[in-house]
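Enquirer: Need coordinates for the below:
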Amino acid sequence: MADRKIILYSAVSLDGFIAREDGSYDWLHDEDYADGKEDYGYDSFLENIDTILMGFNTYKDIMSHGDVFPYHRTKNYVFTQRLDLPDDPDVEFIQDDIHEFIKDLKSQPGKDIWLVGGGQINSILTEHNYVDEFILTYIPITLGRGIRLLHGNAFDHRYKVYHTVAYPNGFVQLYLK
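Expert: Numbering: from 1, shown residues only. Here you go, the predicted structure:
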C-alpha cells in the first residue's frame, strides 16, 4: 500500500457528539468560544490533504450552507445508497462496495485522505481499521444527545495519543494513532 493515511479530523463535544440530533452544530460557533483568528490547525491540515470522504447526510449539510461545494480543490467522494443523486461536478458518489473502494483508494499515490464524517461512515471505516489517524478537537460542552462521532456495531480498538494542543478558549486537540 501507498503511504496515504485516512485521517478522521473532527470537532467533538465532551460527551462524544459531532452534531445535535437534528444534525446542527451551532455549538461549534458559540461566541463563548471565539478565539480571534485561530484556525486550530485547519489550514496546515488541509495542505496535506488531496482527497475527502463523507457520507451523504454530511454532504447535504455542507451544501445547505451555500450553492458551491467548498472543497473543489480536492477529489471528493460521498458514500450513499440513494438513487436520486444531485449532479455535482465536484463530487463522485460511491455506491459500490466500500471495502474494495477504500483499499483501492489507499493504494493510489497521493496525499492524505480526510474523513469528514458523519457518524455512520466514521464508524464503518473505524470498525474495519481503515482510519489511520484521528485529530479530534474537544469542545468544552456536553450535548446529552445527538449524532455520535462513532456509532453502530461494537468494536474495540486501542490508540495512542502522540500530540495534544490546549487552546486558551478551552478547546483541546488530540492527535491519535
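
Enquirer: element containing the most centrally placed residue in the chain, please.
Expert: The centre of the chain sits closest to residue 116, judged by Cα atoms, centre = their mean, with a distance of 2.2 Å. Taking DSSP states H and E as the criterion, residue 116 maps to strand 112-117.

Enquirer: Could you check how many residues crowd around residue 99?
Expert: By other Cβ atoms under 10 Å, 12 other residues sit near residue 99. C-beta coordinates here come from the backbone N, C-alpha and C atoms, glycine included.

Enquirer: quick one: it from residue 113, how far?
Expert: Remark: distance between residue 99 and residue 113 (Cβ to Cβ, to the nearest Å) = 15 Å.

Enquirer: cool, residue 124 as well?
Expert: Distance of residue 124 to residue 113, given as Cβ to Cβ: 14 Å.

Enquirer: Those two: which is more packed in?
Expert: Remark: of residue 124 and residue 113, residue 113 carries more neighbours, 26 against 19, as counted by other Cβ under 10 Å.

Enquirer: The more buried one pairs with what?
Expert: residue 6, residue 51 (DSSP bridges).

Enquirer: Which residues are in contact with it?
Expert: Counting by Cβ atoms under 8 Å, 6 or more residues apart in numbering, residue 113 makes contact with 4-7, 49-53, 105-106.
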